[in-house]
Structures are given as C-alpha cells and as structure tokens.
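>>> With the input below, show me the fold.
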Amino acid sequence: MAFQKGAIVTRFDQSSGVLDPAGILQSIGDVAYEWQLDTDALTWGANARALLGVDAEAISSGRAFARHVDAAGAPTRIDVIQQSTQRDAGKGVPYLVQYAFKRGDEKIWLEDTGRWFAGPDGTPQRAHGVLRAINARHEHERWLERRAKFDPLTGELNRVCLTEALGTALDEAIRFRASCGFLLVSIDHLGHLNEAYGFGVGDAVVAQVGKRIRARLRGKDSLGRFSGNKFGVILSSCTPEELSIAAERLLAGVRDEPFYTEAGPVAVTITIGGVTAPRHARTIPEVLSRAQDALHASRVKRHGSFTAYMPNAEREAIRRQSVRVADEIVAALNERRIALAFEPVVEAHSRKIGFYECLMRINRADGGVAHANEIIPVAERVGLVRMLDFRVLELVVAELTAAPGLQASVNVSPNSAVDPHWWQGLGALLRANSEAAARLIIEITETAAIQDLDDARGFVTRVKDLGCRIAIDDFGAGHTSFRNLRKLGVDVVKIDGDFVANVVKSNDDRAFVQTLVDLSRRLGLKSVAEWVQDEQTAALLAGWGCDYLQGSLIGLATSERPWRAGKDHAASA
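Next comes the predicted model:
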C-alpha cells in the first residue's frame, strides 16, 4: 500500500506493519545523513538537494559541507562533536545544534539532531543524524531575543541591558585605571505633550529624541531607554571635560531643530545629569543615584541644562542617614517595634480631655526611642511612609477598640492619602472595627491639602464616608483661603503652633490666631491651638472661643495610657 503526496512516496508494508523512515523524512522535508569521521565521507538521504539546494555529490565530505556553513554563526556539528565532554558507553552520544547553511546568495537555518559513536580509541569515529530547516523558528527566536534586549519604541537597549552595559564599562574603567561617563537624559514636559497632542505624538517625540542622541554619539558609546521619558548614555573613555562636551552636544542636537509629528512641528528640550566613574561613583547603584542627583540639580537650575555630579559632604551625610533609617524602619516593622505615644488635647475652659493625638514612636533595638520627626522625613524620601502610616493606624484602631470611651486622632502623610492600597487597608480595618470609626480623627496638614484641593476634597469625603472625622493640622502655615476651607468640609482645624507660641508677645500673631479662631467658629468647625506653653496664652485662647488646647502646659506625649489607669481626665491648671 502506498501514500502519495506530490512526488514523494511513503511505503507501508501492511503484512509486517513496518514504516519506511526514509519516505517519512522526505514527506516532511527533513534529510538524514551518515558521516564517517575517520574517512570524512558524508552520505545523504535522497532529498538532500530539496532541502539544502546543492547536490549530494557537492557535499559528500565533512570538509565540503563545512564550506557551506556560516562560520560567523553558532557552533557547528563538528564543533559540538569534537568539544563534547561525554563518553560513548556503546549507545552513542546525542547532540543538537543549530547553524546557518549558505546556498548561493542566501542561507537557511538548520537544526542538526544526531548521535556520534566512538571508535576503539574512544574518540568520535562516525555520526548520523537528521537536518531540518528552521528559518521561521529562528526568526521568531531572534525577535524574542531582540525584545528581551531592546526597547521596542526606540530600538535602543532596554533598562536591563543598559545597566549590564554600564557594569561592563565600569569594570573596564576600574581594571584599566581609565574613566567612563554616564548621562541621564530627561525629555522635558513629555507629560504636557501627551496631554496636548495624545500619546502617539509623545511616542514619536521619544523615538526621534533617541535617534538624535544616537546620531551624536561615538561608535563605542552605548544608548538605552532608562524609563518613559529618560535615556541613559554610557560614554567609554570619557574624562569629566569630555562628559560636559558630550552633554552640550546632545542638548543642542535636540533643542536646535523642531520635531515634526502628525500634529505638526513640536519644540522639545532635554535636561541632563551626568557622573564620571569611577572618580565619583564606583558601583552601578552609585552611578545611577548620582546621575539622578545631578539631573535633579539641573531641573532645579533650569530645564534644558546640564549638571555634572560633584561630591557634597552634606548630601552624602543625608544619603547615609536615609540608608540607615530605612533599614531601621524595615527592621522595626518586621519586628513589631512600632509603638504609640499619646498627647492629650483638652477642652479650653474645663480642661477635660477631649481626645488624644497618637504619635508614632520606634522602639530601637538598643533600647532607645526614635520620634516621628526623626523618622517620617526619611520614610517619605525612601517610600516607606505608607507602611508606617498603616501600622500606626492599626495600633490606633486597636486602642480605640480596647477602650470604648477613648477618642483619638492620627496623622496621615500626603503620600498615603493618595495611595489606593492605603485606602483599601483603611476601609477594611474600619469595616472590621466599625464602632471605632466615629471616635477617630484623621489629620492631614494644611500644606498638603492646598497643593491639590480636588484631591484633598476627595480625601475628606472618603474619610467621612468611613465614619471618621477629619482635621487640618498646622492650620495657618499654608494660608488657606476662607473659601477653600469651607470647600474642604473638614471638622477640626489645628492652629499652627508657630503662631500660638507667640500670641502673648506678638501683636501680629495675636491678631492672626484670633482671626483663625473666629473663622473656625463661624464655619461651625472645632478649633485646636497647638504649642500652648503657659496659662496666659491659654486664657487668651479660651477668651477668644478656642475649643481645645494642646501643648506642654497640658501635657507632653507619653507611652502611658491614662484611661487604663482610671485617672481623672481633667488636666491640672
């Protein structure tokens, strides 16, 4: 019985049930071979010409076949056989290799699967295998490899490969006592372009900026896309003077001619920060961090400018402190060493406790205590403040749940206020402890509130929807207008202690605080005066109608819980 497909016949002996392997290979376009390494004789299956495009006689030896193999490609069959570290135990040693086979002006990629057998001396004596054309697969693999290494929009290195190239350049500079440079290039106001013209125009600008930078680099330099609007440039064999020259060349190359897009010509500038290594940075994190510092300095100075990193003792001290405090924060979170201190806020006339402000403390491993003002600024810089805020919130809600008569307030960082994950956590926490919400006051600073009134109004609405009250802390520092204060819809205003502390001595502060107290009362808001330090100040505030007092006169923050001890909640005069 025979199966016909084109000119290829596959035979099947029905009586014996045996297939014809050669016919099957022909039918699928593969070709078998036998190679005697000791004589170099190479014997081919019948369809060698169909696959390889050359007659079998022209490639009847391993040497003749090798002349058609692209030596610049991957390892060949002879390479993998001769370099094999395996020994033939009698059943042969398998191999699998891919390489390019040249036929005239074109070449095809082959997958060579086979097995070699050793002679009496243990060295390879003969091999047989099958060749298969894999052009489509090879192109797909190359496409995948390119996507893994290059940014699809610009065609330049992606961030991972750019970082690897930076590591290589840095290692060579250190090894040969040379110098290299790294430029962090930021496209100015790309977000505005996206808003005005759409992301298509923004992408076109990014791609064209990449081309202009590439055109102004030396062949030995590297370029990659660092992030959405940033490129990284690695300058090999580059002195500090050459770093500045290269940066100015890039600035001019982007600035001097408009970019032509589907929306018309667009003017674009770039801002650059750079660092010379290993002179000013000896590791990849140092190079990237210091280039970012230099870029930030350029933006502060003027968009469209360049700044080279220079050592700064104060900045380095801040950086070291940030690293140390960040480690301390993570350890304290992991080891549950975040704690609370409670500062009383009393009614101005009766001096009875109104509520306690809950302040964060970190119990250090050495037995010391870190206060919030030491920790929060660093936590905001390194992105840990949201975890701290949520842990403090958990502790406060636990206190409210354990003490049904307690009323408390807690500060929330602006970063947490706009973080959806923090909101999800807050909502889940208060739904599980719904009775505590009505006794909780969430405080945000006035400065944070007036930065974006719409965001602040959304924050206030969400807090009140959860059943909590909301307070504006440090009121007066940001000079919020009366209209904006009414729009925010808060419940409590806490007057900034900088003004309260001097009301006895300063006519200006006295007039300002009195106005704020009167404004709060007219808007139906409760007012709290911070930093009340003496009875004369307390009497003035009570006379003006201030609702609550807070400060050293009333009592400083303590880790003790007076409500647990059954103490009188009235503060002594």
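>>> which secondary structure elements does the lengthiest helix in the chain contact?
Counting residues, the longest helix found in the chain (DSSP state H) is helix 313-334. Using 3 or more C-beta pairs under 8 Å, 6 or more residues apart in numbering; DSSP states H and E, the elements in contact with helix 313-334 are strand 353-363, helix 372-382, helix 385-402. C-betas here are computed from N, CA, C, even on glycine.
>>> Kindly export that helix (C-alpha atoms) in PDB.
Extracted C-alpha coordinates of helix 313-334, given in PDB (Å, rounded to 0.1, in the frame of the first residue of the first chain):
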ATOM      1  CA  ALA A 313      29.500  66.300  52.200                       C
ATOM      2  CA  GLU A 314      26.100  67.400  53.400                       C
ATOM      3  CA  ARG A 315      24.200  65.500  50.700                       C
ATOM      4  CA  GLU A 316      26.300  62.300  51.300                       C
ATOM      5  CA  ALA A 317      25.500  62.600  55.100                       C
ATOM      6  CA  ILE A 318      21.800  62.800  54.300                       C
ATOM      7  CA  ARG A 319      22.100  59.800  52.000                       C
ATOM      8  CA  ARG A 320      23.900  57.700  54.600                       C
ATOM      9  CA  GLN A 321      21.300  58.700  57.100                       C
ATOM     10  CA  SER A 322      18.500  57.700  54.700                       C
ATOM     11  CA  VAL A 323      20.000  54.300  54.200                       C
ATOM     12  CA  ARG A 324      20.500  53.800  58.000                       C
ATOM     13  CA  VAL A 325      17.000  55.000  58.900                       C
ATOM     14  CA  ALA A 326      15.400  53.000  56.100                       C
ATOM     15  CA  ASP A 327      17.000  49.800  57.400                       C
ATOM     16  CA  GLU A 328      15.800  50.800  60.900                       C
ATOM     17  CA  ILE A 329      12.200  51.300  59.700                       C
ATOM     18  CA  VAL A 330      12.100  47.900  57.900                       C
ATOM     19  CA  ALA A 331      13.500  46.100  60.900                       C
ATOM     20  CA  ALA A 332      11.100  47.900  63.200                       C
ATOM     21  CA  LEU A 333       8.100  46.900  61.000                       C
ATOM     22  CA  ASN A 334       9.200  43.300  60.700                       C
END
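>>> Residues touching that helix, excluding its own?
For helix 313-334, contacts defined as C-beta atoms under 8 Å, 6 or more residues apart in numbering pick out 289, 293, 337-338, 362-365, 370, 374-375, 378-379, 381-382, 384, 387-388, 391.
>>> buried subset of the residues you listed?
293, 337-338, 362-363, 370, 375, 378-379, 384, 387-388, 391 (16 or more other C-beta atoms under 10 Å).
>>> need those residues in TSV with distance to residue 544 and pLDDT, can you?
As requested, those are exported to TSV (distance: C-beta to C-beta, whole Å; pLDDT from 0 to 100):
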residue	distance to residue 544	pLDDT
293	48	92
337	42	95
338	38	95
362	38	95
363	40	94
370	36	91
375	35	89
378	38	87
379	36	89
384	40	90
387	40	92
388	36	93
391	38	94
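>>> any idea how far residue 408 lies from residue 465?
19 Å (C-beta to C-beta, to the nearest Å).
>>> related to what we said a few turns ago, figure out which of the helices and strands packed on helix 313-334 is closest to residue 64.
Closest to residue 64 of those is helix 372-382 (C-beta to C-beta; 65.6 Å).
>>> helices and strands around the closest one, which ones?
helix 313-334, strand 353-363, helix 385-402.
>>> Please name the bridge partners of the residue lying closest to residue 107 once chain neighbours are set aside.
Counting by C-beta to C-beta, 6 or more residues apart in numbering, residue 107 lies nearest to residue 100, which is 4.6 Å off, once chain neighbours are set aside. Beta-bridge partners recorded for residue 100 (DSSP bridges): residue 109.
>>> for residue 185, helix, strand, or coil?
strand (DSSP: H, G, I helix; E, B strand; the rest coil).
>>> Quick check: chain neighbours aside, which residue is closest to it?
Closest to residue 185 by C-beta to C-beta, 6+ apart is residue 231, at 4.3 Å.
>>> what about residue 408 and residue 465, which has more around it?
Set residue 408 next to residue 465 and count neighbours by other C-beta atoms under 10 Å: residue 408 wins out with 20 against 10.
>>> Settle this for me: that one is touching residue 398, isn't it.
No: under the criterion of C-beta atoms under 8 Å, residue 408 is not in contact with residue 398, lying 10.8 Å apart.
>>> quick revisit: quick one: the residue nearest to residue 107 and residue 432, what's the gap?
For residue 100, the distance to residue 432 equals 65 Å [C-beta to C-beta].
>>> Pick out whichever of the two has more residues nearby.
The residue with more neighbours, out of residue 100 and residue 432, is residue 100; 19 against 10, by other C-beta under 10 Å.
>>> Buried residues, stretch 399-419. List them.
399-400, 403, 406-419.
>>> again with stretch 28-37
For stretch 28-37, by 16+ other C-beta under 10 Å, it's 30-33, 35, 37.
>>> Narrow these to those in strands?
Taking DSSP state E, the ones among the buried residues of stretch 28-37 that sit in strands are 31-33, 35.
>>> Stretch 170-185: how far from the chain's middle?
24 Å (C-alpha atoms, centre = their mean, to the nearest Å).
>>> could you give the mean pLDDT of stretch 275-284?
What stretch 275-284 shows for mean pLDDT is 95.
>>> can you pull the buried residues of it?
For stretch 275-284, burial by neighbour count (16+ other C-beta under 10 Å) applies to 275-278, 280-281, 284.
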